[in-house]
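A.B. asks: Here is my input; please provide its structure:
(2 chains)
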Number of protein chains: 2
Amino acid sequence: MSNQGRDDGLCCSPVMREPLTAERASELARVFKAIGEPVRLRLLSLIASHAGGEACVCDLTGAFELSGPTISHHLKVLREAGVIEGERRGTWIYYRVRPETLRLVSETLAPAGGEAVPA
Amino acid sequence: MSNQGRDDGLCCSPVMREPLTAERASELARVFKAIGEPVRLRLLSLIASHAGGEACVCDLTGAFELSGPTISHHLKVLREAGVIEGERRGTWIYYRVRPETLRLVSETLAPAGGEAVPA
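C.D. replies: Residues are numbered from 1 along each chain as shown, chains lettered A, B, ... in the order given. The predicted model follows:
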């Protein structure tokens, strides 16, 4: 089971180090499935890069040839997977990315310790 | 559009910096969709953590209550998304992870520059 000496830089990421349990795989797969759809991935990116790191449906519909309800459905999928969270303020719900979720899935796949920028 | 001063550590990852184009979102979503399924995520992890970083179907079927053809189907989806690659040697095809694909999706979501291990 040793991966010592591998030169692909992935020896130490969690998903590479040992087999995922079925339970852990289910949790992670839920997040990947939510962002495994082009419109949802673009919504995530639009929200995250919007001024202040948050956006309402009113800020998002213009980027797509899709109805408001369709956009809302995709936002719901992202929210239920823990990728974004919403807060109602007045008429609108404002969405922002949950960085802890993105960090979790990123680190699950990432090589460990190899990304340091030289001082 | 400025995210200066955000304290969630995600200001600089590609998906956070600016809206993804539709084309880029489609490419990335294909990979996330492939790993957005618990069996495929476990297969990925089993292959990556197997001795030598590669495994054949014969090494993988024991971990699941699934038929060989079902496992083979999931491996095909992972291969077509560029997550793994296969090489036939004798009777079996040996699969290994394509680290460049995992690195790409990891870096797309990861905060930039924040993962350095202190010297």
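A.B. asks: going forward, measure contacts and count neighbours with C-alpha atoms only.
C.D. replies: OK.
A.B. asks: isn't residue A:54 right next to residue A:98, touching?
C.D. replies: No: between residue A:54 and residue A:98 there is no contact under CA atoms under 8 Å: 10.7 Å.
A.B. asks: For these two, indicate the residue with more neighbours.
C.D. replies: For residue A:54 versus residue A:98, the count of surrounding residues by other CA atoms under 10 Å in any protein chain shown is larger for residue A:54: 20 against 17.
A.B. asks: Look at the more buried one and report its pLDDT.
C.D. replies: pLDDT for residue A:54: 93.
A.B. asks: Local confidence estimate at residue A:18?
C.D. replies: Residue A:18 is assigned 83 on the pLDDT scale.
A.B. asks: Pull up the gap between it and residue B:49, please.
C.D. replies: For residue A:18, the distance to residue B:49 (CA to CA, to the nearest Å) stands at 5 Å.
A.B. asks: element containing residue A:41, please.
C.D. replies: Residue A:41 is part of helix A:38-49 when elements are defined by DSSP states H and E.
A.B. asks: all strands of chain A, in order?
C.D. replies: Listed in chain order, the strands of chain A (DSSP state E) span residues A:54-56, A:84-89, A:92-97.
A.B. asks: any chance you could map the helices in chain A?
C.D. replies: Assigned by DSSP state H, chain A shows helices spanning A:14-17, A:22-35, A:38-49, A:57-60, A:68-80, A:99-109.
A.B. asks: and those helices, which is most packed in?
C.D. replies: Sort the helices of chain A by mean neighbour count, taking mean count of other CA atoms under 10 Å in any protein chain shown, and helix A:38-49 sits at the top with a mean of 25.
A.B. asks: Keeping just the C-alphas, turn that one into PDB.
C.D. replies: The C-alpha coordinates for helix A:38-49 follow below in PDB (Å, rounded to 0.1, in the frame of the first residue of the first chain):
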ATOM      1  CA  PRO A  38     -22.200  23.900 -15.900                       C
ATOM      2  CA  VAL A  39     -25.000  26.400 -14.900                       C
ATOM      3  CA  ARG A  40     -24.400  25.700 -11.100                       C
ATOM      4  CA  LEU A  41     -20.700  26.000 -11.500                       C
ATOM      5  CA  ARG A  42     -21.200  29.400 -13.200                       C
ATOM      6  CA  LEU A  43     -23.600  30.500 -10.500                       C
ATOM      7  CA  LEU A  44     -21.100  29.600  -7.900                       C
ATOM      8  CA  SER A  45     -18.400  31.600  -9.700                       C
ATOM      9  CA  LEU A  46     -20.800  34.600 -10.300                       C
ATOM     10  CA  ILE A  47     -21.700  34.700  -6.600                       C
ATOM     11  CA  ALA A  48     -18.200  34.400  -5.400                       C
ATOM     12  CA  SER A  49     -16.800  37.000  -7.700                       C
END
